[in-house]
Structure formats: C-alpha cells, structure tokens
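Engineer: got a predicted model here, sequence first, then my questions.
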Amino acid sequence: MDQDLHHDLHALLPGRGVASRRHALGLVLGAGYAAAAAPVLAQQAIATPVDGLVAGEVSFAVNGAQVYAYRAAPQGRTGLPVVLVVSEIFGVHEHIADVCRRLAQAGYLAIAPDLFARQGDPMAYGEVAKLMSELIAKVPDAQVMADLDGAVQWAGAHGGDLNKVAITGFCWGGRITWLYAAHGPVKAGVAWYGRLVGQASALNPKHPVDIAAILKAPVLGLYGEKDGGIPLDTVDRMKAALKEGSAAAKASEFVIYPDAPHAFHADYRPSYRQDAAQDGWRRMLGWFKHNGVV
C-alpha cells in the first residue's frame, strides 16, 4: 500500500482501528489499539518514524487463503535479515506495527502477519475472556506455522535474506516463538513472556516444554518475575527440558526481570516497565547478532 495513502487512512478513519478500516479500503493493519487491551495509555506509547522506511500492508497466499501482514524495511535495500513478529492476542495493532518499524530502523525486514483473520477480528472484542474463548482458542497451531512459513517466503521474494531469519513474539506470540523455533527455518528466536506449559488439545497439541528438546534455533526467553500467569516453576521446567535437548536447545537462555509483570514490553499499557523493556530490546538485538541474523 502507498505510504501516503496509509497515513491518510489514519487521519480519515480514527477510532477502533483495524475493524473500521476493513470495511473502508480493505484491511489496514497497524492502526489503533484493541478495545480488549484497555486501559490503553497511548500517550506513553513509543512512536517510531517511518523516515527511510517502506512500511505498510502486504499479503500472500497460504493454502488458498489470503494472509495479510504489516511489514517495515529500510527503503531501497535488499539482502536484508528478516524478523517475524508475532503479536499478542490483540492482533497486529499499532504497537506491533511500531515494533516492526523499530526493527526496520535497526536494519531488518520485519513482518507481522495477521494470524487470527480466519477465526475473527481481535479489534472487535472489548473483553479479554470473550476474545480468548471465541477467537484465540479456535486458532490451530498448524495454521499459524503455515502462515509464518508463508511470511518467510514473502520476505525472501521481497528483499529478505532467507539465510538470516529470526522470530520474536509477545505473550501469545511468545509461545508461538518457541514452537516456530522447533518448526521453521529461523536462526534465532526471542520469546517475550510466552506461556511454556499447557493442556494438549487437537488445535494445540504441543506446548513449548513439549518441543524444547528438538529446537532447531536457540531462543532467548524474556520473562517477568511478577508475571501472575507464568509461574517461575514453569520456567524451571522449561530450563530442565532444554538441558536435555539439541544443541539449539542447550544454547537457549532465559532472563528474568525482577518485579516485572506480564506484558512489561507493552508501552501502551500500564504493565510497561521501561528499564526491563529497553534491556530486553537490547538483548534481543544482541541475540540476533550473536546467532548470525544481521
């Protein structure tokens, strides 16, 4: 999508963001915040400029379905290292788009696919419980893996170097980061507070602790000591599983931030902790560089 048009849509169609824009000029990702993420403190949210970048919506086909994504990359460059960005349960809203722009400003082609579109629109939900039960719980892991494969393929055809691919994700996307590191062609992963254990189901047959031993790429786990949804004993279980696994599993590491809650990187929410978020970002870029994703 033309960048000027992208900005015009922001001006002309304020409010709920993705949901309203879908009915206007097709799907425009990276706009607004999901109502279920409230309270949203947009005044503290980081806003990364698009200067020197190409940024906006792209799409690609996966198993007969059209998958949309937000991507940002340095303008006029090819052979770029690629980072898959996997959203929280709230979808590819403004925060996730800004993460892509931050990575692009650091020299990466960053792409965040809309992994929930077949099941529904996260922006349409005002309650987390309903969002989880009516949409997120219906998203199959196999579908997500295939869509991420499609994003990698798109990146390779549009300036990305497929020998230098990484993945990072937040909350729901943190869990997916661990799973994709055991599935896809990535050299490194960084999981921000993704759940590590869970009940097996038809749609979610494996959880990170179940695939820890077969990781194909090392993962850096960034977690909060005060995360009420991810007890530290589950981190200990994951560490033990990693020690018994592949070379990539053994090379994986955790950083636990004292006093940090869940979603400490989400700068648009009250859970944001600047020191932990900035340190995690620095460690993420260092992890990518250490593992050859530069």
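Structural biologist: Nice, I can see it. Numbering: from 1, shown residues only.

Engineer: in contact with residue 257, which residues?
Structural biologist: 222-225, 264, 273, 276, 279-280 (CB atoms under 8 Å, 6 or more residues apart in numbering). For glycine as for every other residue, the C-beta is placed from the backbone atoms N, C-alpha and C.

Engineer: would you list these in CSV and tack on distance to residue 164?
Structural biologist: Shown next, in CSV, are the contacts of residue 257 (distance: CB to CB, whole Å):
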residue, distance to residue 164
222, 21
223, 26
224, 29
225, 33
264, 28
273, 30
276, 27
279, 24
280, 21
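
Engineer: mind giving me the PyMOL select for those residues, buried ones only?
Structural biologist: Buried residues among these (16 or more other CB atoms under 10 Å), as a PyMOL selection:
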select buried, resi 222+223+224+264+273+276+280
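
Engineer: which ones among the contacts of residue 257 map onto helices?
Structural biologist: Taking DSSP state H, the ones among these that sit in helices are 276, 279-280.

Engineer: closest one of the residues you listed to residue 73?
Structural biologist: Within these, the smallest distance to residue 73 is 22.4 Å, found for residue 280 (CB to CB).

Engineer: tell me the spacing between the nearest residue to the closest one once chain neighbours are set aside and residue 281.
Structural biologist: Distance criterion CB to CB, 6 or more residues apart in numbering; nearest residue to residue 280, sequence neighbours excluded, is residue 222 at 4.5 Å. According to CB to CB, to the nearest Å, residue 222 and residue 281 sit 9 Å apart.

Engineer: hey, what's in contact with both of those two?
Structural biologist: With CB under 8 Å, 6+ apart as the test, residue 222 and residue 281 both reach residue 265.

Engineer: can you list the residue ranges for helices in the stretch 151-294 of the chain?
Structural biologist: 172-181, 208-211, 232-243, 247-251, 274-290 (DSSP state H, counting those that start in this stretch).

Engineer: so which of those comes closest to residue 67?
Structural biologist: Comparing those by CB to CB, helix 172-181 comes nearest, at 14.6 Å.
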